[in-house]
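[1] build me a model:
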Amino acid sequence: MQSLVIYDSMYGNTEKLAQAIGSGAGARVIRIGEVTQEPLVGLDALIVGSPTQIFQPSKAMKTFLNEMHRGALKGVKVAVSIREWIS
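    Okay, here's the model as predicted:
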């Protein structure tokens with residue numbers, strides 16, 4: 001199973017969680033500023049984590065998710081750790 005963890009972190013807490021999840025799941029771990037759409041090709045599972053600011057994910061995470069190509073995650077199992085996402 002090819003899995004990927006994409007995260008953003010302000011103070012390092014979300015990064016620690018992303019690294020632990022990636023280690024446990026055998027997944028690649030990429031910070032949001034370093035990810036492109038290419039790593040999404042051929043994925044079986046995607047885990048997304050972001051700190052919340054005013055009950056929303058970070059600006060970088062919202063931008064990435066909103067710019068994702070329609071259908072890019074078709075057939076991919078996705079887990080998201082964001083309290084509330086408003087686009």
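
[2] so which residues of this protein form strands?
    Per DSSP state E, the chain carries strands over the ranges 3-7, 28-31, 45-49, 52-53, 56-57, 77-81.

[3] of all those, which lies closest to residue 64?
    Checking the strands of the chain against residue 64 by C-beta to C-beta gives strand 3-7 as the closest, at 7.5 Å. Using the backbone N, CA and C atoms, a C-beta is placed for each residue, glycine as well.

[4] pull the CA atoms of that closest one into PDB?
    C-alpha atoms of strand 3-7 as PDB (Å, rounded to 0.1, in the frame of the first residue of the first chain):
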ATOM      1  CA  SER A   3       0.600   6.000   1.600                       C
ATOM      2  CA  LEU A   4       1.500   9.600   2.100                       C
ATOM      3  CA  VAL A   5       1.200  12.000   5.000                       C
ATOM      4  CA  ILE A   6       1.000  15.700   4.100                       C
ATOM      5  CA  TYR A   7       1.200  18.200   7.000                       C
END
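
[5] neighbouring strands for the lowest-mean-pLDDT helix or strand in the chain, and are they parallel or not?
    Using mean pLDDT, DSSP states H and E, strand 52-53 stands out as the lowest-scoring helix or strand of the chain, at a mean of 77. When sheet partners are counted by DSSP bridges, strand 52-53 sits next to strand 56-57 (antiparallel).

[6] grab the most central residue of this structure for me.
    Centre of the chain computed as the mean C-alpha position; nearest residue by C-alpha atoms, centre = their mean is residue 48, 2.5 Å away.

[7] any idea how far residue 81 is from that residue?
    7 Å (C-beta to C-beta, to the nearest Å).
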